[in-house]
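K.L.:
Got a sequence here, can you model it:
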Amino acid sequence: MKRRIFLIAGMIFASSLFAQELTGYEIAKRADEVDDGKTSSYTATMTLTNKKGAKRIREIFMRKKDYGDVEKSVIVFTVPKDVTGVAYLSFDYPDKADGSKDESDSWLYMPAMKKVRRISGSGKDDEFMGSDFTYADMGERGLLKDTFTLLASENVDGADCWKVEAKAKDKSEKTQRRVLWFRKDNYILAKGEFYDRTDKLERELSCSDIRQIDGIWTTGKMFMKNVKSGHSTLLETKDVKYNIELSDSLFTVSAIERGNVR
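P.N.:
You can find the predicted model right below:
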């Protein structure tokens with residue numbers, strides 16, 4: 001019996017050491033590799049609240065498809081009327097074996113202007129349609145853009161998490177430093193802090209309603225607050241589906257121009 005107890009204790013100690021040996025980069029890499037399906041689809045409510053408590057509510061839907069060498073996604077606004085038909089198309093490319101990475105391509109279609117605008121690298125730090133998320137937040141961020149450091153282990157809403165610092169290598173980026181809390185049980189992001197070029201806290205992110213859908217870990221709610229302006233955005237997803245048939249024709253500039261994304 002004593003031998004069995006010692007063996008169990010040894011296994012627990014070894015497991016603890018293994019967890020401690022993970023670097024900040026390794027944690028971020030595992031988080032990046034969490035299965036999110038070959039395709040995904042959801043609708044969402046985006047609630048924008050200003051510092052006085054006034055709210056604006058928008059409805060969107062998203063479609064995403066992973067082609068291996070590129071991940072394509074499209075977001076379309078459906079409510080209210082003044083943003084109906086606004087669409088955002090993005091192509092995100094994975095890190096290459098040689099350590100390089102292609103910059104993502106993205107386009108915004110504004111029906112009122114009947115025009116597609118390409119979002120440049122510097123423009124990706126801008127607010128996404130008046131929300132507290134940026135264009136960059138709406139896509140995938142390559143691991144090579146940051147230097148990662150494991151800071152600590154902390155509890156977030158009852159879940160054990162790794163606290164990881166990510167510093168941007170490009171000093172021109174608006175967000176120079178992020179502190180991210182990844183859950184130890186599934187590597188899903190639980191919380192985030194975003195710091196500006198002067199290292200002042202600018203935004204806070206809180207993730208909740210984290211659950212499995214079709215065996216895939218899914219974040220149901222994302223609450224982003226701009227601590228400087230007092231403005232906040234709550235993104236609540238619903239009707240989440242994975243690994244469904246999605247036509248390649250959805251992920252084209254011509255499709256968002258014609259309003260053919262459904």
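K.L.:
Would you map the helices across the stretch 151-262 of the chain?
P.N.:
253-258 (DSSP state H, counting those that start in this stretch).
K.L.:
low-scoring pLDDT stretches of it, where are they?
P.N.:
Counting by pLDDT under 70, not a single residue of the stretch 151-262 of the chain qualifies.
K.L.:
can you pull out the strands in it?
P.N.:
Using DSSP state E, counting those that start in this stretch, the strands of the stretch 151-262 of the chain run over 159-168, 177-183, 189-195, 201-213, 216-226, 232-242.
K.L.:
Let me have the ones you listed in a markdown table, extended by distance to Glu140 and mean neighbour count.
P.N.:
Backbone N, C-alpha and C define where each C-beta goes, glycine included. Formatted as a markdown table, the strands of the stretch 151-262 of the chain follow (distance: least, Cβ to Cβ, whole Å; neighbours: other Cβ atoms under 10 Å):
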| stretch | distance to Glu140 | mean neighbour count |
| --- | --- | --- |
| strand 159-168 | 14 | 20 |
| strand 177-183 | 15 | 21 |
| strand 189-195 | 13 | 20 |
| strand 201-213 | 16 | 16 |
| strand 216-226 | 15 | 17 |
| strand 232-242 | 16 | 17 |
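K.L.:
For Lys96, which of these is the nearest?
P.N.:
Lys96 lies closest to strand 159-168 among those, at 19.3 Å (Cβ to Cβ).
K.L.:
in its sheet, what does that closest one sit against?
P.N.:
In the sheet, strand 159-168 lines up against strand 146-156 (antiparallel), strand 177-183 (antiparallel) (DSSP bridges).
K.L.:
Columns distance to Asp125 on top of the ones you listed, output as JSON lines?
P.N.:
Shown next, in JSON lines, are the strands paired with strand 159-168 (distance: least, Cβ to Cβ, whole Å):
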{"stretch": "strand 146-156", "distance to Asp125": "15"}
{"stretch": "strand 177-183", "distance to Asp125": "13"}
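K.L.:
Show me the one of those that comes nearest Phe128.
P.N.:
For Phe128, the closest of the strands paired with strand 159-168 is strand 177-183, at 16.7 Å, according to Cβ to Cβ.
K.L.:
where does that closest one sit relative to the chain's centre, distance-wise?
P.N.:
On the basis of Cα atoms, centre = their mean, to the nearest Å, strand 177-183 sits 12 Å off its chain's mean C-alpha point.
K.L.:
rewinding a little: could the strands of the stretch 151-262 of the chain go into a markdown table alongside distance to Asp146?
P.N.:
Formatted as a markdown table, these follow (distance: least, Cβ to Cβ, whole Å):
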| stretch | distance to Asp146 |
| --- | --- |
| strand 159-168 | 4 |
| strand 177-183 | 8 |
| strand 189-195 | 12 |
| strand 201-213 | 16 |
| strand 216-226 | 19 |
| strand 232-242 | 23 |
